[in-house]
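[1] got a sequence here, can you model it:
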Amino acid sequence: MRQQWCVLLKYGEMALKGRNKERFERQLLDNLRYSLADLGGPVQIKRRDGVLVLSAPAYQEELVARARRLIGISVVQPALRVPKDPEAVADAAVELAGKQHPSDPPPRFAVRARRRHKKFPMTSEQFAAFIGARIHTELGWPVDLDTPQVEILVEVDRHEVFLSTERHRGQGGLPVGTSGKALALISGGFDSPVAAYRAMRRGLRCEFVHFSGAPFTGPSSTYKAYALVRQLSAFQGATRLHVIPIGRAQRALATAGAGELQIVAQRRLMVRVADQLAQRLGAQALITGDSLGQVSSQTLPNLAAVEQAATLPVLRPLVGWDKTEIIAEATEIGTAEISKLPDEDCCTLLLPPRVTTHAEPQRLARVEGRLDLDQIVDELLTDVQVMNIDVTQSAQEPVRSCEVGEREETRRSAVVAHAVGE
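    This is a model prediction of the structure:
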């Protein structure tokens, strides 16, 4: 066996599963194969106890980058696979340490060894000391087991030994698809993309619905929604964005005398439409970016009033988060810069001077009773634009399918495309 570079993927929460663990592993493998399908060359995947071993030396950096986006993996660890011989391992460790961390003065180091295969002739402590002595002798590095500058990680498997000097944090969570399917309501703000990401980490595969203010607003909010979903698709693979123009229905609510109930009434309408769409798609829940008390429409009475419009469960992953926490997470997953871009949010369309913080169901019922809601919902669902989204597709394609009448809107679409790396 020759030395070979590989990448170790280690489970997090999934490792604690009992009888259902095999099902979670199968879904993770399916998701992994999909994420690597367009890599450009074959990737060898081997299963170990709680570890996946990926081998494609020509694509080592790309393997690491893609694996770090894979939900269900806790640790991504580039490693050198070497024969299961103590001398060969020590030789490889000296070479790896010298190449990876050339330093003057020499760095303080420690060797951490772990045996997954307990029949190896040395204990973990003995093997670590054996390798450490060689590195100290040949490279002159001082040993520091408490606060080392460099850690050499050694893992003894049944047929080979893995050497590493770096570990990357993965996404963690449960593999996307193990908990079912949901429909996420997505706007252009910070909250809803983070809520969808949090739902994905609990194993939900998401489709998305965006309500635009068309025909009374331009397509800028659709550009942002598309860019946000495209960014999120990096964590779960291909998905769909359903865009529904709701401007005329919002005006109908205002004409019916919604007044200070306007925001809550239109949110109820969105949830009602999303609920029907979700059932058609086979989704089992709705996901919103609500954070309790963040704005006047997100008080407990208002959230309860909105939820009454749904027959499916309404999940709110961010209900206890504050704005600082949400923006920090948005920055980490790559949606914050997109959310900062200007757009025309349909929620600000026909915004009343005052928004109620305690929507009474009887008053909402009177306003909605002046309209034929079933007909409005049916009409909205017949006017859905569906966009198929994948990280391998061009962000420009669905943008061209929107009618852009002004040069400024064309510029905005280019800004959004730039924000997602096109």
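[2] now for the chain, the helix or strand with the poorest mean pLDDT.
    One helix or strand of the chain scores below all others by mean pLDDT, DSSP states H and E: helix 396-400, with a mean of 29.
[3] just the strands in the stretch 1-150 of the chain please.
    Counting by DSSP state E, counting those that start in this stretch, the stretch 1-150 of the chain has strands at residues 4-11, 44-48, 51-55, 73-82, 109-115, 150-156.
[4] off-centre distance for stretch 367-384?
    On the basis of Cα atoms, centre = their mean, to the nearest Å, stretch 367-384 sits 33 Å off its chain's mean C-alpha point.
[5] and the strands of the stretch 1-150 of the chain: which comes nearest L269?
    For L269, the closest of the strands of the stretch 1-150 of the chain is strand 73-82, at 39.4 Å, according to Cβ to Cβ. C-betas here are computed from N, CA, C, even on glycine.
[6] quick one: buried residues of the helix of greatest length in the chain?
    If you go by DSSP state H, the chain has its longest helix at helix 262-281. Of the residues in helix 262-281, 262-278 count as buried by neighbour count, 16 or more other Cβ atoms under 10 Å.
[7] chain center to that helix: distance?
    Averaging C-alpha positions (Cα atoms, centre = their mean) puts helix 262-281 24 Å from its chain's average.
[8] can you name every helix or strand that it contacts?
    Applying 3 or more Cβ pairs under 8 Å, 6 or more residues apart in numbering; DSSP states H and E, we find helix 262-281 packed against strand 180-185, strand 204-212, strand 239-245, helix 247-255, strand 286-287, helix 300-307, helix 361-369, helix 373-381.
[9] give me that answer again for 6 Å
    strand 180-185, strand 204-212, helix 247-255, helix 300-307, helix 373-381 (3 or more Cβ pairs under 6 Å, 6 or more residues apart in numbering; DSSP states H and E).
[10] what's in contact with the last one?
    This means helix 373-381. Here helix 373-381 makes contact (Cβ atoms under 6 Å, 6 or more residues apart in numbering) with I244, A249, R272, V273, Q276.
[11] ok, now stretch 155-175?
    By Cβ under 6 Å, 6+ apart, stretch 155-175 touches 12, 24, 27-28, 31, 68, 71-77, 79-82, 84, 89, 92-93, 96, 100, 114-117, 120, 152-154, 201-203.
[12] got the end-to-end distance for that stretch?
    25 Å (Cα to Cα, to the nearest Å).
[13] what's the mean pLDDT across that stretch?
    Averaged across stretch 155-175, the pLDDT comes to 94.
[14] go through that stretch and flag the buried ones.
    For stretch 155-175, by 16+ other Cβ under 10 Å, it's 155-157, 160-165, 170-171, 173-175.
[15] ok, so of those residues, who is nearest L300?
    Proximity of the buried residues of stretch 155-175 to L300 was ranked by Cβ to Cβ; the top entry is G173 with 28.0 Å.
[16] distance of the closest one from G293?
    From G173 across to G293, the span is 27 Å (Cβ to Cβ, to the nearest Å).
[17] same question, R2
    For R2, the distance to G293 - Cβ to Cβ - is 60 Å.
[18] ok, R114 next?
    For R114, the distance to G293 - Cβ to Cβ - is 46 Å.
[19] same thing with T356?
    14 Å.
[20] before we move on, what about L185?
    19 Å.
[21] who's more crowded, the two?
    Taking neighbours as other Cβ atoms under 10 Å, L185 and G293 compare with L185 leading, 23 against 14.
[22] quick one: pLDDT of the closest residue to that one other than its chain neighbours?
    Nearest residue to L185, sequence neighbours excluded (Cβ to Cβ, 6 or more residues apart in numbering): T288, at 5.2 Å. Looking at T288, its pLDDT is 98.
[23] next: I327.
    In this model, I327 is scored at 97, pLDDT.
[24] counting neighbours, what do you get for it?
    The local packing of I327 (other Cβ under 10 Å) involves 18 other residues.
[25] surely it touches G189?
    No. In this structure, I327 is not within contact of G189 by Cβ atoms under 6 Å, at 10.2 Å.
[26] so where's the stretch 51-200 of the chain shaky on pLDDT?
    Across the stretch 51-200 of the chain, not a single residue meets the criterion (pLDDT under 70).
[27] apply 80 and report the result again.
    Along the stretch 51-200 of the chain, the parts satisfying pLDDT under 80 run over 100-104.
[28] now do the helices in it.
    60-68, 86-100, 124-139, 191-201 (DSSP state H, counting those that start in this stretch).
[29] ranking those helices by burial, who's on top?
    The highest average neighbour count among these, using mean count of other Cβ atoms under 10 Å, belongs to helix 191-201 at a mean of 26.
[30] that one relative to strand 204-212, how many degrees between them?
    160 degrees (axes from the mean of the first three to the mean of the last three Cα atoms, to 10 degrees).
[31] now do the contacts for the closest residue to P313 other than its chain neighbours.
    Leaving aside its chain neighbours, P313 sits nearest to A285 (4.5 Å; criterion: Cβ to Cβ, 6+ apart). Shown in contact with A285 (Cβ under 6 Å, 6+ apart): A182, L312, P313, L315.
[32] my guess is the first one contacts I287. True?
    The reference is to A182. Yes. With contacts counted by Cβ under 6 Å, A182 reaches I287, the gap being 5.2 Å.
[33] what sits in contact with each of these two?
    With Cβ under 6 Å, 6+ apart, A182 and I287 have common neighbours A199.
[34] neighbour-wise, which of the two wins?
    I287 (28 against 24).
[35] tell me how far the more buried one lies from R134.
    Using Cβ to Cβ, I287 is found at 53 Å from R134.
[36] again, but for L292
    Separation of L292 from R134 (Cβ to Cβ): 58 Å.
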